[in-house]
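Chemist: Turn this into a model:
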Amino acid sequence: MDDDKISLVSFTNKPDFDINQWFKSDFYPDYEMSLIELCCYYGAVSCFKFLWQELGAKITLKCLNYSFLGGNPDIMNKCLKKCQPNEECMSYAIISHNIDFFTFLLNEYSSINVDLSDFATYQNILAFFAYLDKTQDINNCFVLSPLFFIPSLVEYFVSHGVDTNAKNSEGNTALHNACNLVNKQTFEILISNHADINATDNNGNSVLHYATLNNNIERIRFLVSQGISINIRNKFGDTPLHLCAKKSLRSIDTAKFLLSCGADINAQNNEGEAPIHHSSNYNEKEFVDLLLLNGANINARNKNGNSALHSALYKKCSETAVFLISKGININSKNNLGETPLHIAALSNELKIVKFLLTKGANIKDLDNEGRSVLHFTAMRGNICVCKYFISLNFDKNIKDYNGRTPIHYATKSGSTDLLEYLLSIGSDIEAKDNTGKTALRLAADRYNTSLVNLLILHGADVNTKDINGVTPLIYSAKYCKTKIVEILIQNGANIEAKDNKGKTALRLAADRHATSLVNLLISYGADVNTKDINGVTPLIYSAKYCKTEIVEILIQNGANIEAKDETGKTALQYAQNNRSQEIIRLLLANGANDYNFKLWVKKGFLCRLS
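Modeler: Residues are numbered from 1 along each chain as shown. Have a look, this model is predicted:
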């Protein structure tokens, strides 16, 4: 900031100094910045030169970008020799209000896109005029002109015959932008020069939508007087009243005026949402009350079947939820997934709302379309407080959904050690199986969660439980190379020779995956290298057939039977010969494999090539 080279030099002489260190702060354009980038940002040329010349700091594209903010020409020139300027440089040149920097980029790098909104955002009218003079982009500049808050500027364009209904790339007209202004003079100039009040942008937003977003009641009054529909919709189906509801209390006066003009209070957008759905996303019951007093359907449902109460609970807006309940909303309304407000409250861990809903008649036994209870929903998110409350009401801790899953299954999937430990402490069935035969331990292994696996084993979970396909936690973990889980299971008594319904063991599946370290681990724990599946295939035969050279070598070194045959009578060597896997053929022959096809292979000349 002070370009204090002397202090910087002394700082760099410290033993722990790192030229590549990053400074992190929300006060800069980027959260992380290097030392040399900070020099560019502050225009600290002496420090910049020291870091670059003496310490070899790398000049990055960020350095060039920041040099347009820092405003030091020497730094900028050096950075330009290393990097090509981009759109960010152009934006920073506009932000800096340095007309020389901006015109330099505009003239020398004309291919760089200029974001015209930057002119208005940072009120750089000099750069705006320079751009207009250079490009003669009259229509886009005219559309932007109201945002400089200079009515005479708009008049200038109009007096030179500009199309008052010209649109920019986003479909905005000058009239759209004039709705952002408090001063009505610009708006009146455009209207008097035939600006179209029915013009819409690319999202279908009308001038009335813009006036509503800016809470400009005077503009709304004028537009309505000119015949624009108070219920005009954008391409998302939102009316101006929908936009008010999204802003809630910030737009309550605008909403009152729209309603006085006949706004449809129950209009539904493309998602089936009425204004009451939007307003329920905030803890501002006054807006909801306004809608209800003016005839809003309190039980309106969107396309997903959610009521305003569902919406409030999804957003954890407890005050609004309580207010809606006090106004008589259907407390047991189900959405398209069969979820009631109580399900959502349980999912959101809102204990106070859960209790309130139950006192007001919420049905604790309601199930969603998958047969899931409110206890299942608490377990999904690991919500221990709400879960304890339901259990205190004598809720069945082992209740199953239509897929056969109990709360303990969902607690395991959520990864919540605390909730799982609680459920186990109250006697939840640790061996409960879902419809596919999976227990909580199997799900913990599936998710590679060592903490949960250890916890379940500590509480006595059967490490050899099988699903409907005969897959044990060990077999599954080996199949998907979950080495840590494999080791935990073996150390806790998992049957290393257990087979699934296809006769495959953990070793066979590890070999299938070419997991050399896992194969070695299983063998070190005594896995049978000659185990056969239902087709008589050993790990060696499979590995030779699919050219897994490293696995073949490990298996041979650990006593695999080279002459083992599968149901078709083929050996590992025969599969290797069929695939012309030269390395595997060499390995097998070198370890005494009997070549049943020796003459055939000599005749073909293949063995000569092997030598």
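
Chemist: Could you use CA atoms for every contact and neighbour count after this?
Modeler: Noted.

Chemist: Ramachandran coordinates for residue 52?
Modeler: The phi and psi values for residue 52, taken as degrees, to the nearest 10, are phi -80, psi -50.

Chemist: pretty sure it contacts residue 63?
Modeler: No: applying Cα atoms under 8 Å, one finds residue 52 not in contact with residue 63, separated by 11.4 Å.

Chemist: Which one of the two is surrounded by more residues?
Modeler: Neighbours of residue 52 and residue 63, each counted by other Cα atoms under 10 Å, are more numerous for residue 63; the result is 28 against 13.

Chemist: Disregarding flanking residues, what is the spatial nearest neighbour of the more buried one?
Modeler: Beyond its immediate neighbours in the sequence, the residue positioned closest to residue 63 (Cα to Cα, 6 or more residues apart in numbering) is residue 37, lying 4.9 Å away.

Chemist: neighbouring contacts of the helix or strand hosting that neighbour?
Modeler: In this structure, residue 37 is located in helix 35-42 according to DSSP states H and E. When contacts are taken as Cα atoms under 8 Å, 6 or more residues apart in numbering, the neighbours of helix 35-42 outside the stretch itself are 1, 3, 19-23, 45, 47-48, 51-52, 57-60, 62-64, 66-67, 69-72, 75.

Chemist: Quick check: next helix or strand after it?
Modeler: Following helix 35-42 in sequence order, the next helix or strand is helix 45-49 (DSSP H and E).

Chemist: helices or strands next to that next one in the packing?
Modeler: helix 5-12, helix 35-42, helix 73-82 (3 or more Cα pairs under 8 Å, 6 or more residues apart in numbering; DSSP states H and E).

Chemist: Residue 238 contacts residue 269, correct?
Modeler: Yes: under the criterion of Cα under 8 Å, residue 238 lies in contact with residue 269, with a separation of 5.1 Å.

Chemist: Look at those two and report which has more neighbours.
Modeler: Neighbours per residue (other Cα under 10 Å) separate residue 238 from residue 269, with residue 238 holding more: 24 against 19.

Chemist: residue contacts, that one?
Modeler: By Cα under 8 Å, 6+ apart, the residues touching residue 238 are 268, 269, 270.

Chemist: ok, so of these, who is nearest residue 310?
Modeler: Distance from residue 310 was checked for each of these by Cα to Cα. The minimum falls on residue 268, at 16.3 Å.

Chemist: neighbours around the closest one, how many?
Modeler: Using other Cα under 10 Å, residue 268 has 21 neighbouring residues.

Chemist: got it, and the one 4 residues further on?
Modeler: Other residues lying near residue 272 total 17 when counted by other Cα under 10 Å.

Chemist: low-scoring stretches of this protein, by residue?
Modeler: When residues are selected by pLDDT under 70, those of the chain lie in 1, 596-611.

Chemist: can we see that at 50?
Modeler: When the per-residue scores of the chain are filtered using pLDDT under 50, the ranges that remain are 599, 602-603, 607-611.

Chemist: all strands of it, in order?
Modeler: Counting by DSSP state E, the segments of the chain that form strands are 22-24, 32-34.

Chemist: Give me whichever of these is most buried.
Modeler: The highest mean neighbour count among those, using mean count of other Cα atoms under 10 Å, belongs to strand 32-34: a mean of 18.

Chemist: Counting by contacts, list what that one packs against.
Modeler: Contact partners of strand 32-34 among helices and strands, from 3+ Cα pairs under 8 Å, 6+ apart: strand 22-24.

Chemist: Paired strands for the strand it packs on, with orientation please.
Modeler: On the basis of DSSP bridges, the sheet neighbours of strand 22-24 come out as strand 32-34 (antiparallel).

Chemist: Report the distance from the helix holding residue 37 to the chain centre.
Modeler: Taking the mean of its C-alpha atoms, helix 35-42 sits 32 Å from the chain's own mean (Cα atoms, centre = their mean, to the nearest Å).

Chemist: now stretch 365-381
Modeler: Here stretch 365-381 is found 25 Å from its chain centre; the criterion is Cα atoms, centre = their mean.

Chemist: start to end distance for that stretch?
Modeler: Stretch 365-381 has its terminal residues 19 Å apart, counting by Cα to Cα, to the nearest Å.

Chemist: What residues of it count as buried?
Modeler: Neighbour-count burial for stretch 365-381, counted by 16 or more other Cα atoms under 10 Å, picks out 366-368, 371-381.

Chemist: now do stretch 535-550
Modeler: Neighbour count says stretch 535-550 has 536-545, 547-550 buried, by 16+ other Cα under 10 Å.

Chemist: Could you dump these into TSV and include distance to residue 432?
Modeler: Converted to TSV, those look like this (distance: Cα to Cα, whole Å):
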residue	distance to residue 432
536	34
537	34
538	33
539	33
540	37
541	37
542	35
543	37
544	40
545	40
547	41
548	39
549	42
550	40
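
Chemist: Now flag whichever of these is closest to residue 430.
Modeler: The nearest member of the buried residues of stretch 535-550 to residue 430, counting by Cα to Cα, is residue 539 at 33.6 Å.

Chemist: Pull the contacting residues for the closest one.
Modeler: Applying Cα under 8 Å, 6+ apart, we find residue 539 in contact with 507, 508, 511, 512, 529, 530, 531, 532, 555.

Chemist: circling back to that earlier point, from the buried residues of stretch 535-550, which is closest to residue 516?
Modeler: Distance to residue 516, by Cα to Cα, is smallest for residue 550 among these, at 7.1 Å.

Chemist: In this structure that closest one contacts residue 516, no?
Modeler: Yes: taking contacts as Cα under 8 Å, residue 550 lies within contact range of residue 516: 7.1 Å.

Chemist: Next, count neighbours for residue 456.
Modeler: When counting by other Cα under 10 Å, one arrives at 24 neighbours for residue 456.

Chemist: Report the separation between it and residue 420.
Modeler: When distances are taken as Cα to Cα, residue 456 and residue 420 turn out to be 9 Å apart.

Chemist: swap in residue 356?
Modeler: Noted for residue 356: a distance of 26 Å to residue 420, by Cα to Cα.

Chemist: and what of residue 353?
Modeler: Where residue 420 is concerned, residue 353 sits at a distance of 24 Å (Cα to Cα).

Chemist: okay, those two: which has more neighbours?
Modeler: In terms of neighbours (other Cα under 10 Å), residue 420 is the more surrounded of residue 353 and residue 420; the figures are 27 against 22.
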